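**Q** Provided below for reference: sequence and predicted model.
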Amino acid sequence: MRLFAALPLDEAGIRELVRYRRELERMGVRGNFTRPENLHITLAFLGEQPEWETAAEALDTVEIVPGVLRLDRLDSFGKGGILGLCPSEDAPVRSLAAAAEKALRAAGFDLEKRRFRAHVTLCRELQAPKGCVLPPPPAVEVPVEEIVLYLSHRPKGRLTYTPLWRKKTSGQETDISSFFSE
């Protein structure tokens, strides 16, 4: 099973990004846009794992300081024409990602060694008409209230991120695996 830990977006943030996507599409921008229900900020990518419980136990040791992350600038990166929405100030989420990575490594997970970049992937394989200037993105506020451990899979060929476990800032963990079915 392919796993990753992330911060979910709330409904208001998702609505803003859907509006922005529609604006881009009206301008003729094309690509593989992230489906609304898959929008998130990845904290740690675990890759293929035989089970998820050990990762949940490790993430349960991470302290989550409640706050708000403001995503307000576009960036492109990677070889796949990735368009992301990033925060101007990412120190708090970078600290959270470092704590998640440290806990997961201590639990025996071999994580990728790439530099953490806080972002929401809006689109892969971005293609814009010649001379197109992308409009400024909406400023989206992401409440930092919980870490979610997701399963990345493709039921019926459709990329889906299914939450397996979450930890809220109150310290209460919720095992939602009983809701999961393939």
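**A** Ah, there it is.
**Q** residue boundaries of the strands in this structure?
**A** Along the chain, counting by DSSP state E, strands occupy 2-8, 30-33, 40-48, 67-77, 82-87, 120-127, 140-144, 146-153, 160-168, 173-175.
**Q** the ones you listed into TSV, with extra columns for distance to residue 98 and mean neighbour count?
**A** To be clear about C-beta, it is placed using only N, CA and C from the backbone, and glycine gets the same treatment. TSV is the format used below for the strands of the chain (distance: least, C-beta to C-beta, whole Å; neighbours: other C-beta atoms under 10 Å):
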stretch	distance to residue 98	mean neighbour count
strand 2-8	12	21
strand 30-33	29	17
strand 40-48	9	20
strand 67-77	15	15
strand 82-87	15	22
strand 120-127	19	18
strand 140-144	14	19
strand 146-153	13	21
strand 160-168	16	19
strand 173-175	21	13
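**Q** shaky segments in the chain?
**A** 170-182 (pLDDT under 70).
**Q** so who does residue 51 touch?
**A** residue 1 (C-beta atoms under 8 Å, 6 or more residues apart in numbering).
**Q** so how far is residue 84 from it?
**A** The spacing between residue 51 and residue 84, counted by C-beta to C-beta, to the nearest Å, is 30 Å.
**Q** confirm for me that residue 147 is in contact with residue 40.
**A** No: counting by C-beta atoms under 8 Å, residue 40 is not a contact partner of residue 147; they are 10.7 Å apart.
**Q** shared neighbours, the two?
**A** The contact sets of residue 147 and residue 40 overlap at 6, 7 (C-beta under 8 Å, 6+ apart).
**Q** phi, psi for the closest residue in space to residue 99 that isn't next to it in sequence please.
**A** Among residues not flanking residue 99 along the chain, residue 62 sits closest, at 4.8 Å (C-beta to C-beta, 6 or more residues apart in numbering). The phi/psi pair for residue 62 (degrees, to the nearest 10) reads phi -80, psi 130.
**Q** great, nothing more from me.
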